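Chemist: just to be clear, the model below is a prediction. Sequence and coordinates:
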Amino acid sequence: MWTTFFAGVTLVGFGSAYYHLNPCDATLVWDRLPMTIAFMSFFAALIAERCNERVATWLFAPLLAFGIGSVMYWYYTNDLRWYALVQFGPMLVIPILLLARPSRYLRTSNVWIVLAWYEAAKVLERADAVVFSLSGGVSGHTLKHFAAAAGCGWVLRMLSR
């Protein structure tokens, strides 16, 4: 699951670059698809860590399929609801897991830090224009990429310890 997470993160780099070369829905698909792979892999790995490895292994492929399906559904219908569920649903469930279930290997504080970086990325994305006007030239979107990378870096740090 963690290998798939990092594969998804790596593919986000390529997908995001492709999207930024020609921003449109046809290229945004290639940015969002690997993000869903990373989101769902992270979620499944935390289910394995906090609940049950067998259940997480059983859920892993359906979670990935649901994530990929949510992007395809958006692309063909222009309806973001399922994609929003993929992006935000785990971020609502993970804190419950952190509070309700003990950790077997990972320090809980590290997972909270990863979630904080993710939240920072979403806030920066939402405040794009405000950040740009206040910074004098750096957009919230740009800083979002740095925050997301910091969160992924923290996952690597967390796993290496």
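Modeler: Received, thanks. Numbers count the residues shown, from 1 in each chain.
Chemist: so which residue is dead centre in this structure?
Modeler: residue 39 (3.9 Å; Cα atoms, centre = their mean).
Chemist: where's it relative to residue 22, distance?
Modeler: Separation of residue 39 from residue 22 (Cβ to Cβ, to the nearest Å) stands at 24 Å. C-beta: built from backbone N, CA, C; applies to glycine.
Chemist: equivalent analysis for residue 69, please.
Modeler: 24 Å.
Chemist: who has more neighbours, those two?
Modeler: residue 69 (15 against 9; other Cβ atoms under 10 Å).
Chemist: list the contacts of the closest residue to residue 69 other than its chain neighbours.
Modeler: Using Cβ to Cβ, 6 or more residues apart in numbering and skipping the chain neighbours, the partner closest in space to residue 69 is residue 82 (7.2 Å). Residue 82 sits next to 66, 69, 70, 73, 74 when contact means Cβ atoms under 8 Å, 6 or more residues apart in numbering.
Chemist: for the second one, give me the pLDDT.
Modeler: The predicted local confidence for residue 69 comes out at a pLDDT of 98.
Chemist: packing partners for the helix or strand harbouring it?
Modeler: Using DSSP states H and E, residue 69 maps to helix 53-77. The contact analysis (3 or more Cβ pairs under 8 Å, 6 or more residues apart in numbering; DSSP states H and E) places helix 53-77 against helix 25-50, helix 81-100.
Chemist: tell me the domain boundaries of the protein?
Modeler: For the chain, automatic domain parsing gives the domain ranges 1-105, 107-161.
Chemist: distance between the ends of the first one?
Modeler: Pointing back at domain 1-105 there. 15 Å (Cα to Cα, to the nearest Å).
Chemist: run the chain-centre distance for it.
Modeler: 6 Å (Cα atoms, centre = their mean, to the nearest Å).
Chemist: likewise the shortest one?
Modeler: Averaging C-alpha positions (Cα atoms, centre = their mean) puts domain 107-161 11 Å from its chain's average.
Chemist: measure it end to end?
Modeler: The first-to-last residue distance of domain 107-161 comes to 9 Å (Cα to Cα).
Chemist: any idea how far the residue of the chain most remote from its centre lies from residue 147?
Modeler: Among residues of the chain, the one most distant from the C-alpha centroid is residue 136; the distance is 28.3 Å, by Cα atoms, centre = their mean. According to Cβ to Cβ, residue 136 and residue 147 sit 19 Å apart.
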